[in-house]
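>>> Predicted model and sequence follow; I will ask about them next.
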Amino acid sequence: MISALAILLISSLLAVPLRSLIGPRAGLLLALAPAGLFYRTFKSLPEISTGAVFLEKTPWISSLGVDLSFRLDGLSLLFLLLIYGIGALVLIYSVGYLKDDPLQGRFFGLVLFFLIAMAGLVAAENLILLFIFWELTSVASYFLISHYHTDAMARRSALRALLITGCGGLALLAGLILIGMRCGTFSLTEVLLQRENLVGDPRYLLILLLVLAGAFTKSAQFPFHFWLPGAMAAPAPVSALLHSATMVKAGVFLLARLFPALGGTPEWHTIVTGFGAITMLIGAVIAFAQTDLKRLLAYSTVSSLGTLTMLTGLGTVEAHKAMVVFLIVHAAYKAALFLVSGSVDHAVHTRDVRRLGGLLREMPLSATAAIISGLSMCGFPPMLGFLGKELMYEAKLQAPQIAGLVLSAGVASNILIVATATAAGLRPYLRTKLDDNIHGHEVSWTMWFGPLLLATLSIIWGSMPHLLQESVIRPAIEAVRGEPLKIKLALWHGINPVLVLSVLTLILGAAVFMVIKILRRFREWLGALVKGWNGDRTFDLLFDGTLGAARYLTRLSQHGYLRGYVAVMIAFTGMALLWAVWKVEAWHFAFQSPDLFLSAPPALIILILLMCGSAIFAAVAKSRLAVLSGFGVVGFGIALLFSWHGAPDLALTQFFVETILLILMLLVIGHLPRFQEGRGMRLRDLMLSVGVGLLFAIVTLHSFWVHTNDSISSFYLENAPVAKGNNVVNVILVDFRALDTMGEIIVLAVAALGASAVLRGSPGRSETGAGRRYQLSFKKVISQRKPGFKETLS
Amino acid sequence: MNSIPLSIISRLLFPLQLTLSIILLFRGHNLPGGGFIGGLLAASAFALVGFANGSARMKTFLLFAPSVWIGTGMLLALLAGLMPVLMGEAFFKGLWHYGIIPTIVAGDVKPGTPMLFDIGVYLLVVGIASHLVLLFESKGGD
């Protein structure tokens, strides 16, 4: 599996240079990578279908239980075939579709990158690895949706899709971690064996909801369905590959994958089936009345995803059989229809189904592919779609407890889907030409090859389902169920309720289509009734609200007043100290030692009293200069205290720092704004400083009584001669802890740079020419670089 | 600042302060002192000159732009850390030359990477403090 990913990665990186070397045809060459992998995967079919499971493991972050481990079973194999197959066809299609696009090379690269993510996702055996690939598909989707990046709507849709699937991804991560914690492993193979353990977890519902949040956002289930139609801003091949055939099915894949571990409970039944059914209905209702070819298909995809989710939720063998078959059915017809819709747009320059007509004569090959796919979507025999629908109805008829409900929902949405399929797949091609201003032409072979191949497969597999039955479908179902099964697929079952339902669906679908104009008007009226209160609107409100709140908080915390920042820092330090003091009850010791102060020599007491007096003087002084001199006395007093206690290095440092600080303060003091503060502010500062000062005093006194392990000090003392120095302080600074000192001097240098940026940044004052020569200026650095940035952008 | 006595005193004191700072730097490994303290003393000497005589005079005294001081200091410090790596030792392991350089002002100095590191710190501290002083001076707009 790693080799497959490596092949895709290499071809992905080669895409841009190859495109600029040999032009659009690079796509054909690049398509060889997924096509070859398709063949390789195809060859392992016989082994997998005997029930074999390929496991592959390369250690990665083993200490966290994350390994590059992959698992090939029936389910992942089915998905891999879909991914590689449609991936290759889409690359071929893009050769013609994006022929004149300067970003075609990047597009090829991104499609291949997406294939890596998607293939990794379906083959991952480690849950965390699965999550990583899961997120990578979202990233790839983001870039592919915003391919036409000059279009604001495309960028917006891309961001929306990324945020929604990204939030769902985070929920999924939390769910997967909870699963890993419960099972003690992230290995999928082991997790799947621990169903009792997981279902018995008191947090089972939480786990389920988190995993479902991930799956539902990815597979565009209600109420997150709205990002998918927006994603149709992407080029048609992207819609075909990501947003109908593969990526959006990742959610369904996840549900199927985890079914043996999490599925089959009442909660699972209710939630998964329920949301699936709702999505199925909503998608179909919105879909059939659309007028844009791509949006028609997009909403019908939402509906299909709902169907798949619902079938996974039902959890019976029949339902899973229908799910697997419908997965293939849908991938085949929907990808073809999307690709043809792109061709129509490419050739005719409109996607309005009310204006399209007569395309069968103008673009016969593409139209044939679309018609066959449309019939498959309707569920006409002998297309694969017919088989899918038969199985679906059978599953619903046999659904436990809620058969009536899901059956009626299913029939209703299928009727609408038939109408949709007619509008999208049949009428634009079959009816006579309406508008003489619209001229179509057949597209190049790269663009009709894929759709036609998929349509042919729809017919072949539909009329001969046994081709797929043993090799692909049974292993996939077995992988979902985790048990060996016997299945039998056939086109003709004799006359039974299922067949009656199928025929009924077709007839009613046709009837609905007859009155589609009236229904469209009805839907417009309905749309006006709820006036814009859809998912888009809600999302935008949430999005803008979050940004607004962030802006408000930033204004609140980043106000630009230095003393405000200082006050916050001191207050926080104070709170941390308070907690520490509270925790160890430090005051006991602190107040037991009044004689500590009294026993000090008189000179020291005088010094301390002097410092106290200066501190009070600094606090009440009315001018900055007075404050400064008060502080100066305190600072130099501390230096004296250090030297008194035999710390000459500290004393010297304190002394010089105090000096330089004084000089720097004197330099700027004349330029500061007037010294003023309100009474409230002064009171606040007073309380803060007295409180924090008191806490520091307590901590200092307390520290006298704490017997720390003094091995560190003695270590330094003993080993200083080894470092050839007698001054331990200096030896620590330049030798024992030299790395720390290095860090500190880097901080100093960065602070100096920062000061330049801040001071040079404020407008108004002019600088002397001589001064400028000496400055390390951020602004200068940035302004020098700017042209370079622009060049790379343009 | 237009105080003639301060101006004269600061310039008279300057060589003394600088010498003292170098003594502090080199004797630091055995007696109180070291690169940081020495650097601060030298920086305060430069700052005093700048404060009393203006930034133009200070720049002449500095010889190089503060950024050069900072950069050189940083490079020396980094070199002190990397030299042992080149010798196949751990990053920042102290390497000593088994010799002694007798100096007049600071007694016998043992050459080694920690000494180099300390010199780097010294230069960097001088550079940063001077940089800030010059920055504030130029903002003063006098």
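Looks like it came in fine.

>>> Which pLDDT value belongs to the residue in chain B sticking out farthest from the centre?
Most distant residue from the mean C-alpha position of chain B: residue B:88, 29.8 Å away (C-alpha atoms, centre = their mean). Among the per-residue scores, residue B:88 holds a pLDDT of 79.

>>> would it count as being in a strand?
No. Residue B:88: not assigned to a strand; according to DSSP: H, G, I helix; E, B strand; the rest coil it is coil.

>>> Would you agree residue A:165 is in contact with residue A:138?
Yes. In this structure, residue A:165 is within contact of residue A:138 by C-beta atoms under 8 Å, at 4.4 Å. C-beta here means a position set from N, CA and C on the backbone, and glycine is covered the same way.

>>> shaky segments in chain B?
B:1-2, B:98, B:104-108, B:139-142 (pLDDT under 70).

>>> Where do the helices of it begin and end?
For chain B, applying DSSP state H gives helices covering B:4-27, B:35-53, B:55-62, B:66-86, B:113-140.

>>> Could you dump the ones you listed into CSV with mean neighbour count and distance to chain A added?
Below are these laid out as CSV (neighbours: other C-beta atoms under 10 Å in any protein chain shown; distance: least, C-beta to the nearest C-beta, whole Å):
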stretch, mean neighbour count, distance to chain A
helix B:4-27, 17, 8
helix B:35-53, 26, 3
helix B:55-62, 18, 6
helix B:66-86, 19, 4
helix B:113-140, 25, 4
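
>>> show me where pLDDT drops low in the stretch 401-550 of chain A?
Using pLDDT under 70, the stretch 401-550 of chain A drops low at A:401-403, A:438, A:493, A:526-535.

>>> before we move on, the earlier item: what residues are shared contacts of residue A:165 and residue A:138?
residue A:218 (C-beta atoms under 8 Å, 6 or more residues apart in numbering or on different chains).

>>> Contact partners for the closest residue in space to residue A:17 that isn't next to it in sequence?
Spatially, and ignoring its direct neighbours in sequence, residue A:17 is nearest to residue A:105 (7.6 Å; C-beta to C-beta, 6 or more residues apart in numbering or on different chains). The contact partners of residue A:105, by C-beta under 8 Å, 6+ apart, come to A:15, A:16, A:17, A:18, A:19, A:20, A:26.

>>> and the helix or strand containing the first one, what other elements does it pack with?
With secondary structure defined by DSSP states H and E, residue A:15 is part of helix A:2-22. Other elements packing on helix A:2-22 under the criterion 3 or more C-beta pairs under 8 Å, 6 or more residues apart in numbering or on different chains; DSSP states H and E are helix A:26-43, helix A:104-123.

>>> ranking these by burial, who's on top?
Among the helices and strands packed on helix A:2-22, helix A:104-123 has the highest mean neighbour count (mean count of other C-beta atoms under 10 Å in any protein chain shown), at a mean of 24.

>>> Give me the angle between that helix and helix A:2-22.
Here helix A:104-123 points in a direction 170 degrees away from that of helix A:2-22 (axes from the mean of the first three to the mean of the last three C-alpha atoms, to 10 degrees).

>>> re earlier: chain center to the helix holding residue A:15, what's the gap?
Centroid separation for helix A:2-22 versus its chain: 24 Å, with C-alpha atoms, centre = their mean, to the nearest Å.

>>> Could you do stretch A:485-501 as well?
42 Å.

>>> Stretch A:685-701 too?
46 Å.

>>> Residue A:654: what's it in contact with?
A:635, A:638, A:639, A:642.

>>> would CSV of the helices and strands packed on helix A:2-22 with mean pLDDT and distance to residue A:431 be doable?
Shown next, in CSV, are these (pLDDT from 0 to 100; distance: least, C-beta to C-beta, whole Å):
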stretch, mean pLDDT, distance to residue A:431
helix A:26-43, 90, 34
helix A:104-123, 92, 34
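
>>> will you turn the ones you listed into a markdown table that also has distance to residue A:326?
Conversion of the helices and strands packed on helix A:2-22 to a markdown table gives the following (distance: least, C-beta to C-beta, whole Å):
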| stretch | distance to residue A:326 |
| --- | --- |
| helix A:26-43 | 21 |
| helix A:104-123 | 17 |
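
>>> Since that was my last question, I'll sign off now.
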